[in-house]
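Enquirer: with the input below, show me the fold.
(2 chains)
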Protein chains: 2
Amino acid sequence: MQPLTLYVLDLSRPAGADPDAAIIRRQVGDAVLRTDDLGVTRGDGIFETILVHQGVAQAMDAHLDRFARSAAMMDLPAPERALWRRAVEVAAAEMAPLAPFAAVKFVMTRGVETEDIPTGFAYGFVPDDPAGARLDGIDVVLLDRGYRHDVTETSPWLLQGAKTLAYAVNKAALREAARRGAHDVIFVSSDGYVLEGPNSTLIARIDGVYITIPVALGVLPGTTQGDLFAALELAGAPTRVSELFPADLTTADALWLCSSTRGAAPIRSVDGAPVTVDREVTAMMNDALGARTT
Amino acid sequence: MQPLTLYVLDLSRPAGADPDAAIIRRQVGDAVLRTDDLGVTRGDGIFETILVHQGVAQAMDAHLDRFARSAAMMDLPAPERALWRRAVEVAAAEMAPLAPFAAVKFVMTRGVETEDIPTGFAYGFVPDDPAGARLDGIDVVLLDRGYRHDVTETSPWLLQGAKTLAYAVNKAALREAARRGAHDVIFVSSDGYVLEGPNSTLIARIDGVYITIPVALGVLPGTTQGDLFAALELAGAPTRVSELFPADLTTADALWLCSSTRGAAPIRSVDGAPVTVDREVTAMMNDALGARTT
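Expert: Numbers count the residues shown, from 1 in each chain, chains lettered A, B, ... in the order given. Coordinates of the predicted model:
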């Protein structure tokens, strides 16, 4: 996913100053980061990836909320909301003529080690076409995330629930899934609680109720899942936030992994065991996501 | 720790070509990395930090071995040993007139997402002066690393034992230690095995035997610990690789955290409980490290 637009944020300027003066357009492919940026040497930063529909970033407030939450969990300075919103808007608007659906990734790192000024940037790109995954469904495997379900409470330094740049384990888990012939992963805690995907949120329908996992278990608050639950509730469907266990997945009516760029991807197998794909509800979900105006 | 020398490696060239042609000197402070480098966006890369004494990198082979081991654990291409050795030598030599003791950090990332060419660089810097820590000792706290002691075997995608750029948890643990008034951390597995520091290896002396932790528990093979064990064995001291538990630390004769840039730092307290600092042996250890010629 080659960036097609790139903006660097000047985070040294005083808070409240004109955002546009702090958002600097760069050429795609410019090298703009130093090798001693802590985002590089330590994965010491946070990010969000936001869907862009016809130049408009979707679920902006939910992403900005989560970005601020991640910053707090990482003891990073609070992101200046108006500045980040504006940067994402600018990068998103530039994608409008390039693709009807695009995405913007925005990143804040702790900056260069001795300087105490965060590094910020946002770039636009065109994600992989989700049509196949949405229609045919995806094969997933369950992988141990290694942590107990309660580490956000007992061990906050493990940063579970923060969306950090330190995603090497998530990438390694996806490589393990590929080795097993699957497309994606659902992580399970070391004590057997179902969690989330490496970059997606689980929704399970069990006995007609749409269920997702509590953030207290160290999963990210799902921005796409949030909008899907709102749409489901509008349509009169019951929703719930609840713990789930692997055995629940085998008895579910249907399962989805939800993320900004892929939308709702139905799961067609878990560890090789078939899961029913509900094409009608999946289409309704993705239509609802596509109909968002913000 | 501001870099004082910087070299970028051209890892697109054919293996076996002249290393010097692939090692490109850059100005310190140059921005040389793209924002879509997977080392930045995913912490998807590996690194080593090597001590430089009078321009000569120390324990080079042990660091290159570990670098190759980390690459394999991350499914990265095998680093070309002669090239990386030469890059570290060049960056190290340039530090000779700047400081008697310096360090070189060298990094390989998975590169820009769509290009399949790793990114490589090496920079020299002067680390914090370790004299105070070596003389006075350090206060440490025990923190849960969240994983069981056996995850390298059961769950290799958790990358325990690989030295990756995804160090956000290590940095968060050090911030937690600071909040508790301590200098450093010893991680403990979720099932109660003593592991290592966020960037150091533990040596415990118990009943006169010098003990370090097996790498099978997901700790890094310690390059400095390796040289210290060699020196201790030469001096006739017994050494052993063995599991330890927190209760063992309270009964130890002495404890050290060992790393390339700090050498052997004696521990003077664990969770507030005093530990005897053996200044004589500590001085002998650091003298042995300082007397290395390679």
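
Enquirer: for A:Val141, which non-adjacent residue is spatially closest?
Expert: A:Ala182 (4.6 Å; Cβ to Cβ, 6 or more residues apart in numbering or on different chains). In short, each C-beta sits where N, CA and C put it, glycine included.

Enquirer: quick one: that neighbour and A:Asp139 touch, right?
Expert: Yes. Between A:Ala182 and A:Asp139 there is a contact under Cβ atoms under 8 Å: 4.3 Å.

Enquirer: shared neighbours of the two, anything?
Expert: A:Ser269 (Cβ atoms under 8 Å, 6 or more residues apart in numbering or on different chains).

Enquirer: what's next to stretch A:150-157, contact-wise?
Expert: With contact meaning Cβ under 8 Å, 6+ apart, stretch A:150-157 is reached by A:73, A:148, A:158, A:160-161, A:216-218, B:143-144, B:146, B:169, B:172-173, B:175-176.

Enquirer: the residue nearest to A:Val141: which element?
Expert: Using DSSP states H and E, A:Ala182 falls within no helix or strand.

Enquirer: first-to-last residue distance for stretch A:264-278?
Expert: One end of stretch A:264-278 sits 11 Å from the other (Cα to Cα, to the nearest Å).

Enquirer: next: stretch A:109-119.
Expert: 5 Å.

Enquirer: now swap in stretch A:286-294 and tell me
Expert: Length of stretch A:286-294, first residue to last, Cα to Cα: 15 Å.

Enquirer: can you name the residues in contact with it?
Expert: So stretch A:286-294 is contacted by A:51, A:53, A:56, A:58-61, A:134, A:224, A:227-228, A:231, A:263-264 (Cβ under 8 Å, 6+ apart).

Enquirer: now the buried members of the residues you listed.
Expert: Buried by 16 or more other Cβ atoms under 10 Å in any protein chain shown: A:51, A:53, A:56, A:58-60, A:134, A:224, A:227-228, A:231, A:263-264, out of the contacts of stretch A:286-294.

Enquirer: what ranges does the stretch 101-250 of chain A have for its helices?
Expert: Assigned helices in the stretch 101-250 of chain A, in chain order: A:131-136, A:151-154, A:168-179, A:223-234, A:246-250 (criterion: DSSP state H, counting those that start in this stretch).

Enquirer: just flag the most distant two among the contacts of stretch A:150-157.
Expert: Spanning the widest gap among the contacts of stretch A:150-157 are A:Leu217 and B:Arg175, at 23.2 Å by Cβ to Cβ.

Enquirer: of the two, which one has the most company?
Expert: Using other Cβ atoms under 10 Å in any protein chain shown as the criterion, A:Leu217 and B:Arg175 rank with A:Leu217 on top: 22 against 13.

Enquirer: ramachandran angles for the nearest residue to that one once chain neighbours are set aside?
Expert: Spatial nearest neighbour of A:Leu217, chain neighbours left out: A:His149 (4.9 Å); criterion: Cβ to Cβ, 6+ apart. Phi and psi for A:His149, reported as degrees, to the nearest 10, are phi -70, psi -20.

Enquirer: I figured A:His149 hits A:Ser189, correct?
Expert: Yes. The pair A:His149 and A:Ser189 passes the contact test of Cβ under 8 Å, sitting 4.2 Å apart.

Enquirer: which parts of the stretch 151-294 of chain A sit against chain B?
Expert: Counting by Cβ under 8 Å from any Cβ of the partner chain, the positions of the stretch 151-294 of chain A adjacent to chain B are A:151, A:154-159, A:162, A:164-173, A:175-176, A:190.

Enquirer: distance of the closest residue to A:Ala162 other than its chain neighbours from A:Gly236?
Expert: Nearest residue to A:Ala162, sequence neighbours excluded (Cβ to Cβ, 6+ apart): A:Met73, at 4.0 Å. Separation of A:Met73 from A:Gly236 (Cβ to Cβ, to the nearest Å) stands at 36 Å.
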